[in-house]
Structures are given as structure tokens and as C-alpha cells.
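1. predicted model and sequence follow; I will ask about them next.
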Amino acid sequence: MKNPLIILNPAAHSDKAGRLAERLRDLSGGAEIRLSSAAGDAERIACDAIRNKEGFTSIIAAGGDGTINEVVNGIFSAGNPGIPLGILPVGTMNVFAVELGIPLNSPEKAWEVIRRGEIRLLDLPVCTTEEGVRCFVQLAGVGLDAEVVRRTTRESKKALGPLSYLLSLAQVAGQKPPQITMESSDGMTRSGSFVLLGNGRFYGGPFKMFRHGSPNDGLLDVLVFQSQSPWDLLRYMHAILMGHHGELADVEYFQTTSLSLRSEEPVPYELDGEMAGYLPMSLMLEAASLPVFVPPAN
């Protein structure tokens, strides 16, 4: 590696975080490491490093999906100059790393992927809303799961872990959802209670939510769910665990190159697991525009 910049999001400002930084510095042969300390820091660090022409030949996101999302948005904000992205999955949620086959729980093995230097050009979904323009790398959600993310505080996540999301889901499940209307690139209009969007197979963990999903096929994957009652959510969850959700009569799966979504009521959306704003939203896919270090193809 010539001159990488590592952007590290420590889960907590503690001795453990300091030891991780030293471990990464040793692994990388003394690469510069910059720590994020608040939401938005990783995006700003990546953007500034590129705009200031500091000479970094790659940017490495050390954290979870939220950190990767920020780093990619920083690269995008700086004009998307084609600088390669590396992934060191040391965060709580690492769905993007799972999608790409990057080893988890071993910074040494993940760094070896970067060191080997094999790069794949991945698609980049770009969302335009009243809040501005943002990208996501793996997943997005409109309606139900975004509302769950919105209601789940950082404090409850630290105290309860994944259980905090289930408690928020229990609060949302009994409410009547606003209707979401969407139009795909073929001009077809659809509607539903909540929508999941993917740039790969996986969603929220090891679940292959999008059967035909791929981060480099030039297509955005969309799942539209018609219902949101507690019983329907249990039915959906069971089908997802069994891998049969695409066969349900009230679930539609399709692929598109663009998508616009709107609603008559306030409906939140999340990008890579972080609350991002409210509808309306338009999505376009920038095909093969994000270079990422990946393991050798099988």
C-alpha cells in the first residue's frame, strides 16, 4: 500500500479503542489514522482529505456499515474521484463486509484483502431528497424499518443491543402505516406499507433478502410489503428466515435502475441503518462507479 488513510470509528473512547488504533497502525506499516468522534466526522474527514489533495492513494473505513456509509458519502461529496475504498469491519453491523466476503473479527485478514490490491467497481445508489443528495452502499428502508431506526436511541442500543430494535418495532407494529407510492424506471407505479431497498443480497445481517441482488449488476433491488399488522410482520419474519418471503402474495420483488417514492404523510427513510430523512425521494444508480478492495474471486 502506497499511502492509505484509515478512518477509524471507535465504538467508545476507551483504552480498547486506543489499542485498536495501535493494532491497525502496526498492521498497515504506520499508515495515518484519523478518528471520528461524532456523527458526520468520517464523512468530513474523507471529503477534506480528497479536496485538500493530501496525496492519499486509498481511504480505509474501519468501523461498521454506518462508518462505511459516511466515508463513501465523503468521497462522493469530494467529486467521486475514483479513489479505492478499503473495508476493515470492526463495527457492530458489518453487512457490507459480509456481502463482499471480507473476513469479520480479524483485522489482519481484512487488511490482507486490502494489501493484495484486487479492486472491483461497485454500483452506487444515489438518493435525492429535500434534505440533499446522499448515497448508500448496501441497503435502505422506507417506512417501517426507518421508523424503528428513528425511535431507537443510542442509549438504548448501548444498554440493550439488538433487543432495543425489537422494543421499537413492538411500538410501531400496531400503528396504521401511511401508503407509499413508487414509480420504477419502466414507468410502472406500485404502492405498499413499507419498502426495502438493496444493492446486494443481504439485509440487516446474514439474511439473503434479495434473491438476485448484486452490488455490480447495474440494478437496484426492491421489496414492497403490503401489510404491517403484528400478525403480518410475524408472517413476513418467518418467511424471511425460511427464505420464502419472495413467494408471498402480498410481497413484491423487482429490480430497477431508478425509483421515485412519495407519500401524502411523513414517511422516514434510512440509509445503511441510519435515519436519513423523509419522503419524497428519488434514487438513481451510478453503475460501476465505486472502486472497492475485495477478496479474490472464487
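-> That came through, no problem. Numbering: from 1, shown residues only.

2. tell me how many other residues surround Val113.
-> 22 (other CB atoms under 10 Å). No exception for glycine: its C-beta is placed from N, CA and C like everyone else's.

3. checking my notes, it in a helix, right?
-> Yes. Val113 forms part of a helix when assessed by DSSP: H, G, I helix; E, B strand; the rest coil.

4. quick one: it and Val292 touch, right?
-> No. Here Val113 does not reach Val292: they are 9.9 Å apart, not a contact under CB atoms under 8 Å.

5. helices of this structure, start to end?
-> Secondary structure of the chain (DSSP state H): helices at 15-27, 41-51, 65-77, 95-100, 107-116, 144-151, 154-160, 163-173, 230-242.

6. shared neighbours of Val113 and Val292, anything?
-> Taking CB atoms under 8 Å, 6 or more residues apart in numbering as the criterion, Val113 and Val292 both touch 86-87.

7. low-confidence bits of this structure, can you list those?
-> By pLDDT under 70, the low-scoring segments of the chain are 1, 11-17, 153, 157-163, 298.

8. domains in it, by residue range?
-> The record's domain split for the chain, according to automatic domain parsing, is 4-117, 129-289.

9. does Pro296 touch Arg116 like I think?
-> Yes. Using CB under 8 Å, Pro296 is in contact with Arg116, at 7.1 Å.

10. these two: which is more packed in?
-> Shown here are Pro296 and Arg116; by other CB under 10 Å, Arg116 has more neighbours (12 against 8).

11. would you mind measuring from that one to Ala297?
-> As judged by CB to CB, to the nearest Å, Arg116 and Ala297 stand 12 Å apart.

12. list the contacts for Asn199?
-> Applying CB under 8 Å, 6+ apart, the residues near Asn199 are 122-125, 136-139, 213, 215, 220-221.

13. as TSV, the helices of the chain with distance to Leu285 would be great.
-> Output for the helices of the chain, formatted as TSV (distance: least, CB to CB, whole Å):
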stretch	distance to Leu285
helix 15-27	32
helix 41-51	21
helix 65-77	13
helix 95-100	16
helix 107-116	25
helix 144-151	20
helix 154-160	30
helix 163-173	28
helix 230-242	24
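
14. tell me who's in contact with the residue nearest to Thr181 when sequence neighbours are not counted.
-> Leaving aside its sequence neighbours, Thr181 sits nearest to Ser191 (CB to CB, 6 or more residues apart in numbering; 4.8 Å). Ser191 makes contact with 179-182, 224, according to CB under 8 Å, 6+ apart.
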